[in-house]
Structure formats: C-alpha cells, structure tokens
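>>> quick one, structure for this:
(one chain, ligands or ions: 2)
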Amino acid sequence: MTLTIAIDGPAGSGKSSVSKQVARARGYGYLDTGAAYRALAWHVLARGTGAASDTADEAVVVAAASDFPYAISLDPDDYWVRVGETDVTAAIREPRVTAAVSGVARVPAVRAQVNELFRRLVRESGRPGVVVEGRDITTVVAPDAPVRILLTAAPDVRAARRSAELSGEDAGAVAAALHRRDAADSAVVDFLTAADGVTVVDSTDLDFAQTVEAVLDVISATVPTPQENHDGR
Ligand SMILES: Nc1ncnc2c1ncn2[C@@H]1O[C@H](COP(=O)(O)OP(=O)(O)O)[C@@H](O)[C@H]1O
Ligand SMILES: Nc1ccn([C@@H]2O[C@H](COP(=O)(O)OP(=O)(O)O)[C@@H](O)[C@H]2O)c(=O)n1
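Ligands and ions are numbered 1, 2, ... in the order given. Next comes the predicted model:
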C-alpha cells in the first residue's frame with residue numbers, strides 16, 4: 001500500500017518546492033493538488049469566450065469539469081501537467097489563471113471530483129509513498145495519512161518569496177493578489193490552523209534546506225527510512 005504524506009498550507013509557504021525535495025529524498029512520488037484546480041481554471045478560460053469562460057459561474061465550471069482530460073506527473077524529477085494533448089505546466093502559473101482559480105476551487109462538485117482523482121493517483125502510483133500537497137489534504141483528502149503537516153510562514157515572507165519568483169511582476173501587486181487568494185480560499189477550507197494531530201512547520205525563519213530538513217524529521221519520526229530501520233533507530 002502506498003503511504004501518504006499530507007502537507008497543507010497557504011500560498012507561498014513552500015509546499016511545492018519543499019514537497020518535491022522531500023519526495024526526492026525519500027524516493028516517493030509528489031502530487032501537486034493545486035495544479036488540478038489551476039488546470040481546470042485554465043480549461044474554463046480556454047473553452048469559452050465571454051460568459052462561457054466565466055470561472056465565477058458555477059454552471060460553467062461544472063460543465064468544463066465534466067469534460068476535463070487531466071493528467072499530471074507524480075515524478076519529482078519530471079513534473080508536467082496536461083489537459084488533453086496540451087502541456088499546461090507553465091500556462092497554469094500565469095497571473096490570469098491564478099486570479100481565476102479560487103472561483104473554480106469553490107465549487108463543491110469540483111472538489112469531490114478532484115479528490116477522488118487524487119486518491120486514485122496515489123493508489124495507482126506504484127511508489128512506496130507519495131507526498132501530497134494542497135489546502136485540504138490533512139483534513140479532507142487524506143485525514144488518515146500517517147504523517148500530516150501544516151507548512152506555514154509569515155504573510156510578508158510568503159509574499160516576498162512569491163514575488164521573487166515572478167520577477168517581471170510588480171511586488172505590491174503580487175502580494176495583494178496572494179493575500180486576496182488566501183482570503184478567498186480560506187473561506188472554503190481552513191488551511192491556516194492545524195487540525196488535531198497535524199504538525200506545524202513554520203518556515204518564516206528557516207531557509208529552504210532547513211525547511212526540507214524539518215519536514216523530513218517529522219516524517220522520520222513516524223516512518224523511519226530503510227536505513228534508519230536497519231540501524232535499529
Ligand atoms: N524556507 C524557505 N526559504 C526561502 N525560500 C523558500 C523557502 N521555502 C520555499 N521557498 C521558495 O519560495 C517560493 C514559493 O514556494 P512554493 O514551493 O512555490 O510555495 P507554495 O507551493 O506553497 O505556493 C519558491 O521560490 C521556493 O523556492
Ligand atoms: N487542495 C487544494 C489545493 C489547491 N486549491 C486551490 O488551488 C489554488 C492553487 O493552488 P496552488 O497550491 O497551486 O497555489 P500556490 O500555493 O502554489 O500559490 C489555490 O489558490 C486554491 O484555490 C484548493 O482549493 N485545494
């Protein structure tokens with residue numbers, strides 16, 4: 001059976017980059033759940049024009065979700081996202097998609113549909129474990145996962161990290177968009193407080209390597225690596 005490592009947190013907390021590195025270190029798969037919501041937002045925008053591409057319209061979103069040929073790689077060293085024949089790996093990070101994604105993520109039928117997909121992708125991964133990251137993995141998608149982590153960082157630190165990535169964008173606008181999206185998203189699922197049994201890793205004062213180490217330590221406490229087993233630790 002594939003082991004699930006569940007990681008939640010707000011935008012820019014380091015979920016994707018840290019989870020990817022942790023997956024490499026443990027020989028696990030990596031599942032970016034936000035990519036499904038982003039790809040569906042991209043799909044809605046690509047399918048229609050005018051009202052037919054309105055990601056705030058639940059009926060439009062549900063119609064797009066019923067015809068959504070989505071595929072994602074769980075390989076941390078070969079990450080890609082596709083909708084049908086189109087590689088959307090880069091396109092789903094564009095600001096126009098980021099601005100539309102919360103509308104898509106608000107639709108309960110969409111959440112139920114992608115959650116089933118996430119569980120199936122983990123089941124069929126063929127890997128000993130998968131690091132699954134998002135907003136509701138510790139609470140809804142995999143509440144029984146043996147390791148559940150909330151990755152946080154102070155809002156200004158998260159905004160600074162995100163704007164450093166998007167060098168062409170205005171830092172103030174990136175920060176405002178990030179805080180707006182967190183506010184919209186946290187009305188749907190609570191990813192700002194740790195549920196019972198969830199370990200908080202706060203990366204505000206940690207660099208990237210230290211954050212990866214902190215997450216690996218939490219995992220090792222519950223799931224020793226084969227090497228650690230061998231040493232009798
Ligand atoms: N502890 C850290 N210290 C400094 N930079 C970090 C740290 N964790 C992540 N980053 C960087 O911050 C940016 C946002 O991280 P990302 O993994 O995309 O966050 P999320 O998936 O939560 O939105 C990336 O450029 C990443 O390399
Ligand atoms: N498990 C999840 C993951 C993402 N999402 C939604 O998908 C969007 C994009 O997620 P993401 O993880 O790619 O966002 P970042 O944290 O990388 O900025 C979020 O803003 C949420 O609206 C969600 O609702 N539930």
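>>> how many neighbours does residue 210 have?
11 (other CB atoms under 10 Å). Where you see a C-beta, it was placed from the backbone N, CA and C, and this is true even at glycine.
>>> which non-adjacent residue is nearest it?
residue 203 (7.8 Å; CB to CB, 6 or more residues apart in numbering).
>>> sec struct for residue 150, please.
strand (DSSP: H, G, I helix; E, B strand; the rest coil).
>>> which residue is the nearest non-sequential neighbour of it?
residue 194 (4.4 Å).
>>> and for residue 71?
Going by CB to CB, 6+ apart, residue 71 has residue 82 as its nearest residue, at 4.5 Å.
>>> what's across from the one you found in the sheet?
With DSSP bridges as the criterion, residue 82 is bridged to residue 71, residue 87.
>>> that one: what's it in contact with?
70, 71, 72, 88, 89 (CB atoms under 8 Å, 6 or more residues apart in numbering).
>>> any residue of stretch 140-152 up close to ligand 1?
No. Stretch 140-152 stays out of contact with ligand 1 when judged by CB under 6 Å from any ligand atom, the minimum separation being 6.8 Å.
>>> in that stretch, what's buried?
140, 141, 142, 145, 147, 148, 149, 150, 151, 152 (16 or more other CB atoms under 10 Å).
>>> test my guess that the first one contacts residue 115.
What it means is residue 140. Yes. Shown here, residue 140 and residue 115 form a contact pair, counting by CB atoms under 8 Å, at 6.6 Å.
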